[in-house]
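>>> return a 3D structure for these sequence lines:
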Amino acid sequence: MTTESGWSGVTMAALAERVGVSRQTVYNELGSKEGLAEAVILRELARFLSVVEAAFDAHPDVLVDAIRAATYGVLELAQDNKLLHAVVSATHGADTELLPLLTTHSQSLLEVAKAVVTERVTPYDLGLPTDRLEVAIDVVVRVVLSHVMQPSGPPAETADGIAWLAGLALRGA
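Alright, predicted model coming up:
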């Protein structure tokens, strides 16, 4: 609905009608339009994180290769994601309501993403103290999200650069 008519065109009543339930059911499930926004963002995040998990599964022995594949997959998915483009390109009025959930108020998004990446990185024997590993994961997740929001080059090139940088940090351990 957001890609069709913008976030301002999405109402709880219209959503209820679209999915065939009562408006009260939607409110009971989501609480408010802000709750709906968070649910939409977290659903999209789950799609992106499934790409991350698949990349780590495909590269169980070389962390830098897993980082490269995960970054590439995320950036490829972002490139063609109509909802993400609708949110990022909204520049006026109520259509900017979703943008803070991806940027300035993105704490839950960051926490979920970092938790998944931490879980996937932990099996690699890095010899890094926990506090340093947390810093490295935080930086990589934030850089990837930054490129999702505002790409600066083709996904493959960006993924190579992020993997190179991660490899330097990991070798510096």
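>>> the residue nearest the centre of the chain sits in which helix or strand?
For the chain, L45 is the residue whose C-alpha lies nearest the centre (C-alpha atoms, centre = their mean; 4.4 Å). Assigned by DSSP states H and E, L45 belongs to helix 33-58.
>>> what residues sit buried inside that helix?
Neighbour-count burial for helix 33-58 flags 33, 36-38, 40-41, 44-45, 48-49, 51-52, 55-56 (criterion: 16 or more other C-beta atoms under 10 Å). For glycine as for every other residue, the C-beta is placed from the backbone atoms N, C-alpha and C.
>>> okay, strands next: where are they in the protein?
Taking DSSP state E as the criterion, the chain contains no strands.
>>> hey, where'd the helices end up in it?
2-5, 12-19, 23-30, 33-58, 63-79, 82-89, 99-102, 107-121, 130-149, 155-171 (DSSP state H).
>>> next, the buried residues of the fifth one.
By that I understand helix 63-79. 63-75, 77-78.
>>> point to the helix or strand of the chain where mean pLDDT is at its lowest.
Lowest by mean pLDDT, DSSP states H and E among the helices and strands of the chain is helix 99-102, with a mean of 54.
>>> before we move on, the earlier item: need the contact list for the residue nearest to the centre of the chain.
L109, V112, A113 (C-beta atoms under 8 Å, 6 or more residues apart in numbering).
>>> could I get the contacting residues of the last one?
A113 makes contacts with L45, F48, L49, V141, L145, as judged by C-beta under 8 Å, 6+ apart.
>>> distance of the fourth one from V121?
With distances taken as C-beta to C-beta, to the nearest Å, V141 is found 11 Å from V121.
>>> any weak-confidence spans in the chain?
Residue ranges of the chain with pLDDT under 70: 86-107, 172-173.
>>> try it again with 90
Along the chain, the model assigns pLDDT under 90 to residues 1-11, 14, 30-45, 80-112, 122, 124-133, 145-146, 148-150, 167-173.
>>> what residue of it is the furthest out?
Most peripheral residue of the chain (C-alpha atoms, centre = their mean): S22, 30.4 Å.
>>> pretty sure that residue sits against A16.
Yes. Applying C-beta atoms under 8 Å as the test, S22 and A16 come out as touching, 5.9 Å apart.
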